[in-house]
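Enquirer: build me a structure from this.
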Amino acid sequence: MSFGLMIEILVAILLMVTIGYCYMLNRRLERLRADEQSLRGTIGELVTATEIAERAVAELKRAAHENDATLGERVRSAERCCVELDRQISAADVVLTRLSRVVVAARSLHDVPSAATAPDPKAVAAAARSFADRLRERVGAAAA
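Expert: Got it, this is the predicted structure:
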């Protein structure tokens, strides 16, 4: 065998190995391209899901801000009501004290002996009703 024939056989073998290797690489590239298409679809779905989630989070934030504003207004309104009720309770205590003094003074004017120094709650309530009725009559007469 000649030296030239051996080189050509070696080149032919190397070409056959190269062709086999290229065929193997081609199949891997085809699988990679198929995976790429699948991956693009998955990425598209992920982007869509992310956009939906972002819109949902934005809507939740908006709802939370609205609820915070509404709740804050309700709390402020409740605080105002509490202050008003405290004021009215204080005024009622003052009126009750005055009515108690009126009842005690009325008893002492009529020389009614008192069983205790504190006025009877029923008597105070009756005096308060009478006082309120007279006040309503005066207000009604003044308005007319």
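Enquirer: run the chain-centre distance for stretch 58-66.
Expert: 9 Å (C-alpha atoms, centre = their mean, to the nearest Å).
Enquirer: to clarify, my last question referred to stretch 49-60.
Expert: For stretch 49-60, the distance to the chain centre is 18 Å (C-alpha atoms, centre = their mean).
Enquirer: grab the CA positions of it and hand them over as CSV.
Expert: What follows is stretch 49-60, C-alpha atoms only, in CSV (Å, rounded to 0.1, in the frame of the first residue of the first chain):
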residue,chain,number,x,y,z
ALA,A,49,-49.9,35.5,34.4
THR,A,50,-47.6,38.2,35.7
GLU,A,51,-49.6,40.9,34.1
ILE,A,52,-52.8,39.5,35.6
ALA,A,53,-51.2,39.3,39.0
GLU,A,54,-49.9,42.9,38.7
ARG,A,55,-53.4,44.1,37.8
ALA,A,56,-54.8,42.2,40.8
VAL,A,57,-52.2,43.6,43.1
ALA,A,58,-53.0,47.1,41.9
GLU,A,59,-56.7,46.6,42.4
LEU,A,60,-56.1,45.2,45.9
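Enquirer: report pLDDT for residue 97.
Expert: You'll see residue 97 listed with a pLDDT of 84.
Enquirer: same for the helix or strand hosting it, what does it pack against?
Expert: Using DSSP states H and E, residue 97 sits within helix 3-109. With contacts taken as 3 or more C-beta pairs under 8 Å, 6 or more residues apart in numbering; DSSP states H and E, helix 3-109 sits against helix 121-143. Where you see a C-beta, it was placed from the backbone N, CA and C, and this is true even at glycine.
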